[in-house]
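*Asks:* Structure for the following, please:
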Amino acid sequence: MSLPSRLGEAIESALGQPVQSAGRVSGGDLNDAWRVELGEGSVAFVKTSPDAQPGGFAAEARGLRWLGEPGALDVPEVLAEVDPPEEDHDGPRLLALEWIEEGSLDAAGEEALGHGLAQVHEAGTMVFGGDSPLRLGPLSVPNEEAGSWPEFYAERRLRPLAREAEAKGALPEGCMQALDRVCARLPDLAGPEEPPARLHGDLWSGNVLAAEDGRPYLIDPAAYGGHREVDLAMLRLFGGPSERCFAAYAEVSPLADGHEERVPLWQLFPLLVHAVLFGGGYGSSVARIAGRLA
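*Replies:* Modelled structure (predicted):
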């Protein structure tokens, strides 16, 4: 499939180079993605979507730069972003990134991921939350600062997503009430207080890209300040790395007692996101966990 002319023009304008060739690549469920060869011989990964919400690609670019600041884990270099805030922007919104030739995450790569992620988390931030709503595909999730992690997780994550999932008919009967009880119990369920960590925010295994040499790269962030166990819980949810990664994490930054028991609590967040976006059995998974914790 050839590159649409308007997208090609937007890429050339943003990168200041002519496009020599382009081919489709996997871009996930929500974006169109391209491998673009440029006039000076370089290659870029470009993603776009006709349904892209204003600010979404800009937030992703900021998140990549923020996660890369500590120098602990690699992220693709942001080459360009075309994401003006105006709702009436009539050209394609896009994000152009350094092209990473893909390999596989070997044992050394899993250890590097664990060690590096611990250092990224430890780099921290000032508050629980961020300066703009959290972008998860078409979802915009509240992200305003809260005074404590239990308050933030209840009022900026579980309750808003649960209301949206219930409105879509994605939650079984009684699930909303169970989630309300979980929210009320969060000061007891959330474990010891911790300072805000620098989170990837959407860290399932598909958002860890292994380069040809096995080095892990973080991609597709929804970054914010939160509890570090949330990233780790999501990394376990959809077929993540082996225990070698989590042992390496603990070598750098040991977790508080009871962290194993809190994994399902933190997995409620991504499961609710999936219930809102995709329906299916995700609502039932939410109900099972909420029923056990309520």
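
*Asks:* what residues are up against the residue nearest to Phe238 when sequence neighbours are not counted?
*Replies:* Using C-beta to C-beta, 6 or more residues apart in numbering and skipping the chain neighbours, the partner closest in space to Phe238 is Trp204 (4.7 Å). For the C-beta atoms, the positions are set from N, CA and C on the backbone; glycine is no exception. Residues near Trp204 by C-beta atoms under 8 Å, 6 or more residues apart in numbering: 234-235, 237-238, 240, 270.

*Asks:* before we move on, what about Ala59?
*Replies:* 132, 135, 222.

*Asks:* let's see 6 Å
*Replies:* Arg135 (C-beta atoms under 6 Å, 6 or more residues apart in numbering).

*Asks:* does it count as helix, strand or coil?
*Replies:* Three-state call for Ala59 (DSSP: H, G, I helix; E, B strand; the rest coil): helix.

*Asks:* gap between the two ends of stretch 188-207?
*Replies:* Distance across stretch 188-207, first residue to last, is 31 Å (C-alpha to C-alpha, to the nearest Å).

*Asks:* Please spell out which residues along that stretch are buried.
*Replies:* Within stretch 188-207, the residues scored as buried using 16 or more other C-beta atoms under 10 Å are 189-191, 194, 196-204, 207.

*Asks:* what does the helix or strand where Arg163 lies contact?
*Replies:* Assignment of secondary structure by DSSP states H and E places Arg163 within helix 159-167. Helix 159-167 is contacted from outside by 142, 171, 176, 179, 272, 275-276, using C-beta under 6 Å, 6+ apart.

*Asks:* same deal with stretch 218-233?
*Replies:* With C-beta under 6 Å, 6+ apart as the criterion, stretch 218-233 contacts 63, 66-67, 73, 75, 121, 125, 127-130, 134, 136, 143, 149, 196-197, 199-203, 207, 209, 259, 262-263, 266-267.

*Asks:* Now which of the residues you listed would you call buried?
*Replies:* For the contacts of stretch 218-233, a burial check counting by 16+ other C-beta under 10 Å picks out 63, 66-67, 73, 75, 121, 125, 128-130, 134, 136, 143, 149, 196-197, 199-203, 207, 209, 259, 262-263, 266-267.
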